[in-house]
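A.B. asks: sequence unknown, structure follows:
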C-alpha cells in the first residue's frame, strides 16, 4: 500500500490534459495510477536529463517525480519517443 501523498504539479496536470487526446483511456489510467505504486521514494531510477527527479516509465511515457518525506510530487509527464530535451523545456 502506498504511504505517500501524491501531489500533481500544474505542469503535470497540463501534460495529462494534452496526453488525454492522444492515448486510450486504459493508457491514461495506467499513467495516472503509476505513482500510486511507489513503495519507497528511491524505488525508480534518477532521470538522465533531470537529475533532480526520478522516473517511472509507463509504456512510451516518462513520469518524472520528486519525493520528500511522505510526499511524491509529479513534476512532468511526456512521451519518451520524442526528443527528451525539447520535452523538458
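C.D. replies: Everything's here; your move. Treat the numbers as computed from the prediction; the structure is a model and nothing was measured.

A.B. asks: is the residue most central in space within the chain in a bridge, and if so with what?
C.D. replies: For the chain, the residue nearest the mean C-alpha position is residue 63 (2.0 Å; C-alpha atoms, centre = their mean). Here residue 63 sits in beta bridges with residue 56, residue 77, going by DSSP bridges.

A.B. asks: One more: residue 6?
C.D. replies: Here residue 6, judged by DSSP bridges, has bridge partners residue 72.

A.B. asks: Quick check, pLDDT for it.
C.D. replies: Residue 6 carries a pLDDT value of 95.

A.B. asks: following the strand or helix carrying residue 14, which helix or strand comes up?
C.D. replies: Assessed by DSSP states H and E, residue 14 sits inside helix 10-20. Counting by DSSP H and E, the element after helix 10-20 in chain order, helix or strand, is helix 25-33.

A.B. asks: buried set for that following helix?
C.D. replies: Judged by neighbour count using 16 or more other C-beta atoms under 10 Å, the buried positions of helix 25-33 are 27, 28, 31, 32. No exception for glycine: its C-beta is placed from N, CA and C like everyone else's.

A.B. asks: That helix packs against which elements?
C.D. replies: For helix 25-33, the elements it packs on are helix 10-20, strand 54-58, strand 61-68, judged by 3 or more C-beta pairs under 8 Å, 6 or more residues apart in numbering; DSSP states H and E.

A.B. asks: let's see it at 10 Å
C.D. replies: If you count contacts as 3 or more C-beta pairs under 10 Å, 6 or more residues apart in numbering; DSSP states H and E, helix 25-33 packs onto strand 5-8, helix 10-20, strand 54-58, strand 61-68, strand 71-79.
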